[in-house]
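**Q** What follows is a protein structure lacking sequence information:
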């Protein structure tokens, strides 16, 4: 048991993870009371960090994957904490006053994405290097 404690305390990530898990278990066994929705907020805030650490460990750090997982966890967490919030936001965004602006913003984002993709295609992936040496 002493070796496990030594390993956990010697590793900062393991110590933080053990502390968080211990608090969750203690709250589960009613050793102290957490406000409703706190567990969801802990999970939602941990998803971006966990995703980044996993991507970094596997060597596949991708901003797009990290951003998508963060947005998904925030939307799902928001829906768990306050049911109906996402539906209300969608209804507000599709109202007659906001819809034209939303269409312009989506069109602008799509245009910028398309322009960036087009410029990437025109850049060659391989470079030929020619070395000229003078005769002796």
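**A** Ah, there it is. Quick caveat, the model's predicted, so the values are computed rather than measured. Residues are numbered from 1 along each chain as shown.
**Q** residue boundaries of the helices in this protein?
**A** Assigned by DSSP state H, the helices in the chain fall at 2-10, 12-28, 38-58, 63-81, 85-93, 99-122.
**Q** Give me the average confidence score over the fourth one.
**A** Confidence over helix 63-81 (mean pLDDT, whole number) is 83.
**Q** Distance from that helix to the middle of the chain?
**A** 6 Å (CA atoms, centre = their mean, to the nearest Å).
**Q** Just the buried residues of that helix, please?
**A** Under the neighbour-count criterion of 16 or more other CB atoms under 10 Å, helix 63-81 has 66, 69-70, 73, 77-78 buried. From N, CA and C alone the C-beta is placed, and that goes for glycine too.
**Q** picking up where we left off before, now distance to residue 132 too, for the helices of the chain, in TSV please.
**A** Shown next, in TSV, are the helices of the chain (distance: least, CB to CB, whole Å):
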stretch	distance to residue 132
helix 2-10	57
helix 12-28	53
helix 38-58	42
helix 63-81	41
helix 85-93	61
helix 99-122	27
